[in-house]
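In: Sequence and predicted model, in that order:
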Amino acid sequence: MTGTTSTQSPGADSASATPGTDAQPTTGTAARAERVTHSLVRDVTLPSGGTLALVTLDNGLDHTKPSTLGPLGVAELHDTLSAVSGRAARGEIVAAAVTGKPFVLAAGADLTAVSSVSDRDAAHALGVAGHAAYDLLDRMAVPTFAFINGVALGGGLELALACTYRTVATDVAAVALPETSLGLVPGWGGCYRVPRLVGIEKAIDVILTRPAANKPFTGAQAYETGLADALFDAADFLEQSLVWADAVLRGEVTVERPPLAPAAQWQATVDAARERLDAVLHGSRPAPYRALDLLATARDADPVSAFAAEDDALADLIMSDEMRASVYAFQTVNAGKKPVGAPSKDLARPVTRVGIVGAGLMAAQLALLFAQRLGVPVVMRDLDDARVQHGLDHVRSTVEKLVSTGRMPADKATAISAGVRGTTDLGELAGCDLVVEAITEVLDLKKRVFAELEGVVSAEAILVTNTSALSVTKMAADLQHPERVVGLHFFNPVAQMPLVEVVRAEESSDEAVATAFAVAKTLRKTAVLVRDRPGFVVNRLLVLLLGEIVGAVESGTPVEVADRALRPLGLPMGPFALFDLVGPAVGLHVLTSLREDLGDRFPASPGLEKIVSESIPVVLPSPARGVPASVDPALQAVFDSVRDPARAADTLDEAGVLDAVLRSLAREVGLMLDEGVVSEPSQIDLCMILGAGWPFSAGGITPYLDRSGASEAVLGRRLLPDGVANVPA
């Protein structure tokens, strides 16, 4: 079974696209002391002879520990800017500017400090303090500049926005306001200043749309959008910024600001954005709605009232479960860079050539990924020339599309296409260090492939299966060397989905598992170690969820009611849209497989069987890009036609369906932990966030089960300690 493309998941770049904290899972222990970002001032003589006071933000650590702004850092910034402001008022300087240490302006608020706030008054004080410091830049007696030399996120970007002018370097990889993806709003002036700077339409993209898709701006994009006024090469960025600032001060360069849109147009844009939020989120989380409310009033509000409204919104949201769960999810994903339970990387074997058994869609995606990220030759093998050619055509067409859209240089595309070749001869896999089978999900067929491979490849070669649910142990049981077999379960689409489940079979050696982790890291995937149990983590829980939804429908609940029932979870799509995305035949196959292994809590479904056998559409076409498809009303007749009266029960409403799903998931999570599928609940959350698009706002799956009461109702205990991913009781 495949995963879903999340509209809220962080993806591979989340650590550089979100306010930074230590890459450690939250354990409920006391928060670490604030890593203070200092405000260092020096005077710079401009080409024309005037003096500019340059404030550099620096926490004293290298770029892997970005500067963040906690209470102490904000207080120091306030004191520093107060002193600079005094010099400006006395005519001692002609301008002031802020910049950052190498590669970083500032990565926003210190989330560890924010998530440790225990009452609303303290939360409110954080907003007030930020506004007070930043307002000094906005109201200074001389022009102020921000020289965005590196990552500028959240409060870091808001600091720049408080200045009169901004420059940005060409190598800056992340400029963003990601707060709404973390259960917050840009609460240090962002909701007021952005729409007044770039217009309401672009502001909605900056504050709502891009955070939901985890798409920060590059430096060049920030300039094109209007967040920055000038773009300079990184090599001499500071020097060029100072020359430009001097030209602005002398009147040689004028920066034009667009006029505010008419009030009616402004409101119409906000209304359209609200409709889109409702279509995607269905009111499941408050932060995007609070941000939109602030954007709606930004046109006509004065700064004092606008910033007071931001303070109130920030205080409310800091004291919300959504924000605490979002921070837990961020920390869990960040900690995933250091896989739990992985053998020493020193045990990994070198991979210089990769073989792929199969040339279907998944196999072709894997071939391209290995060629692109590992940079080694890849050979795809299938049974006939037509299938092989189809796989090669997919690789080459995908590469051509990447080139045409500017996402891959032509020379690299040529090298990748030349590095992937096809064959019908199994013997051509003999020189491969790593061979991945990506064929039909039939156990006997996979066993036969591995048996054939064992007679071809070297004794040192690692054999990998991409199975989505089958037993890796059974797959390897008849081999002379079962210890060389390991699972690498990728999710579809392979290039976009960041998760790989590393499946350790009963006989898998440390060397095989270490090689799997090393390969996953080079492929830029987050790898999670899972025990060889049916469905592993993601598919076991997703299929159970689908089974519960279908079970409710086949017991009398209307299809549309069952499909709406999960909206409070904030999932990127409804259950039937998910079923359609993964492919009905694939979903039914995994459901059947899990039922055989785990019992009748994974129900048989005559309705799904009919959908697959007759190729019946499941959902209607999506009404707009980014808006999830809704269930096809005609599906009701399909389930009505196969319903067994003996299975009829009291019809559940939406709340009843949601409760049944949550209880079922809580029971299954408890069983998975008892079975040792993963080592701890956070690993389940990591899998569900990155492999199934489970929203940050829920914290993954276990925090929601705790908050809903399902964990204690079914298991008699919480899955996480109180306060780890929620406001403590």
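Out: Nice, I can see it.

In: Spit out the contact partners of Asp425.
Out: Shown in contact with Asp425 (C-beta atoms under 8 Å, 6 or more residues apart in numbering): Arg381. Glycine gets a C-beta too; all of them are placed from N, C-alpha and C.

In: And the helices in the stretch 301-450 of the chain?
Out: Shown for the stretch 301-450 of the chain, the helices assigned by DSSP state H, counting those that start in this stretch span residues 303-318, 321-335, 361-369, 385-404, 410-419, 443-454.

In: In a helix, Ala96, correct?
Out: No - membership of Ala96 in a helix is not supported by DSSP: H, G, I helix; E, B strand; the rest coil, which gives strand.

In: Hmm, it is touching Ala141, no?
Out: No - between Ala96 and Ala141 there is no contact under C-beta atoms under 8 Å: 9.6 Å.

In: Can you check which residues contact both of these two?
Out: By C-beta under 8 Å, 6+ apart, the residues touching both Ala96 and Ala141 are 85, 88.

In: ranking the helices of the stretch 301-450 of the chain by burial, who's on top?
Out: With neighbours defined as mean count of other C-beta atoms under 10 Å, the helices of the stretch 301-450 of the chain peak in mean count at helix 321-335, which reaches a mean of 26.

In: Kindly export that one (C-alpha atoms) in CSV.
Out: Extracted C-alpha coordinates of helix 321-335, given in CSV (Å, rounded to 0.1, in the frame of the first residue of the first chain):
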residue,chain,number,x,y,z
ASP,A,321,-3.1,21.5,22.6
GLU,A,322,-2.6,22.1,18.9
MET,A,323,0.6,24.1,19.5
ARG,A,324,2.0,21.7,22.0
ALA,A,325,1.2,18.7,19.7
SER,A,326,2.8,20.5,16.8
VAL,A,327,6.0,21.2,18.7
TYR,A,328,6.1,17.5,19.8
ALA,A,329,5.6,16.5,16.1
PHE,A,330,8.4,18.8,15.0
GLN,A,331,10.8,17.5,17.6
THR,A,332,9.9,13.9,16.8
VAL,A,333,10.5,14.4,13.1
ASN,A,334,13.8,16.3,13.8
ALA,A,335,14.9,13.5,16.1
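
In: before we move on, the earlier item: in JSON lines: the helices of the stretch 301-450 of the chain, plus mean pLDDT.
Out: Below are the helices of the stretch 301-450 of the chain laid out as JSON lines (pLDDT from 0 to 100):
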{"stretch": "helix 303-318", "mean pLDDT": "98"}
{"stretch": "helix 321-335", "mean pLDDT": "94"}
{"stretch": "helix 361-369", "mean pLDDT": "96"}
{"stretch": "helix 385-404", "mean pLDDT": "95"}
{"stretch": "helix 410-419", "mean pLDDT": "93"}
{"stretch": "helix 443-454", "mean pLDDT": "96"}
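
In: Could you export those as a markdown table, including distance to Leu227?
Out: Below are the helices of the stretch 301-450 of the chain laid out as a markdown table (distance: least, C-beta to C-beta, whole Å):
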| stretch | distance to Leu227 |
| --- | --- |
| helix 303-318 | 18 |
| helix 321-335 | 23 |
| helix 361-369 | 33 |
| helix 385-404 | 27 |
| helix 410-419 | 30 |
| helix 443-454 | 51 |
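
In: Could you check which of Ala96 and Ala141 has the larger neighbour count?
Out: Ala96 (26 against 14; other C-beta atoms under 10 Å).

In: Report pLDDT for that one.
Out: Here, the pLDDT recorded for Ala96 equals 98.

In: what's the biggest helix by length in the chain packed up against?
Out: The single longest helix within the chain, with elements called by DSSP state H, is helix 654-675. For helix 654-675, the helices and strands in contact under the criterion 3 or more C-beta pairs under 8 Å, 6 or more residues apart in numbering; DSSP states H and E are helix 538-554, helix 559-564, helix 681-692, helix 702-708, helix 710-715.

In: now that helix: how far from the chain's centre is it?
Out: 24 Å (C-alpha atoms, centre = their mean, to the nearest Å).

In: Could you do stretch 135-151 as well?
Out: Using C-alpha atoms, centre = their mean, the offset of stretch 135-151 from its chain centre is 31 Å.

In: Let me see the mean pLDDT of that stretch.
Out: 98.

In: Would you mind extracting the C-alpha trace of it into PDB?
Out: Extracted in PDB, the C-alpha atoms of stretch 135-151 (Å, rounded to 0.1, in the frame of the first residue of the first chain):
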ATOM      1  CA  ASP A 135       8.900  48.200  17.100                       C
ATOM      2  CA  LEU A 136      12.200  50.000  17.900                       C
ATOM      3  CA  LEU A 137      13.300  49.200  14.400                       C
ATOM      4  CA  ASP A 138      10.100  50.400  12.900                       C
ATOM      5  CA  ARG A 139      10.000  53.700  14.700                       C
ATOM      6  CA  MET A 140      13.700  54.500  14.700                       C
ATOM      7  CA  ALA A 141      14.700  58.100  13.800                       C
ATOM      8  CA  VAL A 142      16.800  56.800  10.900                       C
ATOM      9  CA  PRO A 143      16.100  54.300   8.200                       C
ATOM     10  CA  THR A 144      16.600  50.600   9.200                       C
ATOM     11  CA  PHE A 145      17.800  47.700   7.100                       C
ATOM     12  CA  ALA A 146      17.800  44.000   7.400                       C
ATOM     13  CA  PHE A 147      20.600  42.100   5.600                       C
ATOM     14  CA  ILE A 148      19.100  38.600   5.300                       C
ATOM     15  CA  ASN A 149      22.300  36.600   4.900                       C
ATOM     16  CA  GLY A 150      20.800  33.200   5.700                       C
ATOM     17  CA  VAL A 151      17.800  31.300   7.100                       C
END
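
In: can you list the residues that contact stretch 222-234?
Out: By C-beta under 8 Å, 6+ apart, stretch 222-234 touches 148-149, 157, 160-161, 165-172, 175, 194, 197-199, 202, 205-206, 217, 219-220, 240-241, 244, 255, 258.

In: from what I can see Ser115 touches Ala325, true?
Out: No - the criterion here is C-beta under 8 Å, and Ser115 misses it with Ala325 at 10.0 Å.

In: List buried members of the contacts of stretch 222-234 by neighbour count.
Out: 148-149, 157, 160-161, 165-169, 172, 175, 194, 197-199, 202, 205-206, 217, 219-220, 240-241, 244 (16 or more other C-beta atoms under 10 Å).

In: Okay, and which of the residues you listed map to strands?
Out: 148, 165-169, 175 (DSSP state E).

In: These into JSON lines, with extra columns for distance to Leu705?
Out: Output for those, formatted as JSON lines (distance: C-beta to C-beta, whole Å):
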{"residue": "Ile148", "distance to Leu705": "41"}
{"residue": "Tyr165", "distance to Leu705": "49"}
{"residue": "Arg166", "distance to Leu705": "44"}
{"residue": "Thr167", "distance to Leu705": "47"}
{"residue": "Val168", "distance to Leu705": "43"}
{"residue": "Ala169", "distance to Leu705": "44"}
{"residue": "Val175", "distance to Leu705": "36"}
